[in-house]
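> Got a sequence here, can you build the structure:
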Amino acid sequence: MSECPHSPRDHALRLAGTITRGEFSVAVDFSVAPGEVVALSGPNGVGKTTVLRFLAGLGGILGPSGAFTLGGADMIHLPPEHRRLAFVFQEPRLV
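Numbers count the residues shown, from 1 in each chain. The predicted model follows:
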């Protein structure tokens with residue numbers, strides 16, 4: 001297998017700020033390294049689905065001081081079909 005020409009830091013997902021969806025808001029601050037598997041867990045109503053929907057481009061607004069990058073590239077205004085992010089909901093009704 002060949003080496004990746006870019007450093008892992010170049011490909012990290014970074015999300016920080018406050019995501020708002022309707023009257024609900026959730027503060028987030030995390031990074032995901034390349035190849036890392038991540039699960040969001042917590043009680044009902046804490047914002048797990050809001051964060052996932054935002055990452056996929058399916059809803060939510062990131063506050064003006066927020067950051068959403070993948071490989072150092074700004075992802076905030078990128079349409080969902082160009083984000084190259086994927087996730088699977090446990091329950092289909094959450095989409």
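
> Could you list the low-pLDDT ranges of the chain?
1-11, 93-95 (pLDDT under 70).

> ok, now with 80
Residues of the chain that meet the criterion pLDDT under 80 lie in 1-11, 84-95.

> what about the strands in it?
13-21, 24-32, 61-62, 67-70, 73-74 (DSSP state E).

> Flag every buried residue along the fourth one.
Spelled out, it's strand 67-70. Under the neighbour-count criterion of 16 or more other Cβ atoms under 10 Å, strand 67-70 has F68, L70 buried. In this view, the C-beta of every residue, glycine as well, is placed from N, C-alpha and C.

> And that strand, what does it pack against?
strand 13-21 (3 or more Cβ pairs under 8 Å, 6 or more residues apart in numbering; DSSP states H and E).

> export the strand it packs on as PDB, just CAs?
The C-alpha atoms that make up strand 13-21 are tabulated as PDB, following Å, rounded to 0.1, in the frame of the first residue of the first chain:
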ATOM      1  CA  LEU A  13     -12.700  16.900  10.200                       C
ATOM      2  CA  ARG A  14     -13.100  19.800  12.500                       C
ATOM      3  CA  LEU A  15     -16.300  21.200  13.800                       C
ATOM      4  CA  ALA A  16     -16.500  24.000  16.400                       C
ATOM      5  CA  GLY A  17     -19.200  26.500  17.300                       C
ATOM      6  CA  THR A  18     -22.900  26.600  17.900                       C
ATOM      7  CA  ILE A  19     -25.300  24.800  15.600                       C
ATOM      8  CA  THR A  20     -28.900  26.200  15.500                       C
ATOM      9  CA  ARG A  21     -31.900  24.400  14.200                       C
END
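
> how big is the angle separating it from strand 24-32?
180 degrees (axes from the mean of the first three to the mean of the last three Cα atoms, to 10 degrees).

> what sits up against strand 13-21?
Defining contact as Cβ atoms under 8 Å, 6 or more residues apart in numbering, one finds that strand 13-21 is touched by 25-32, 47, 50-51, 53-55, 59-63, 65-70, 85.
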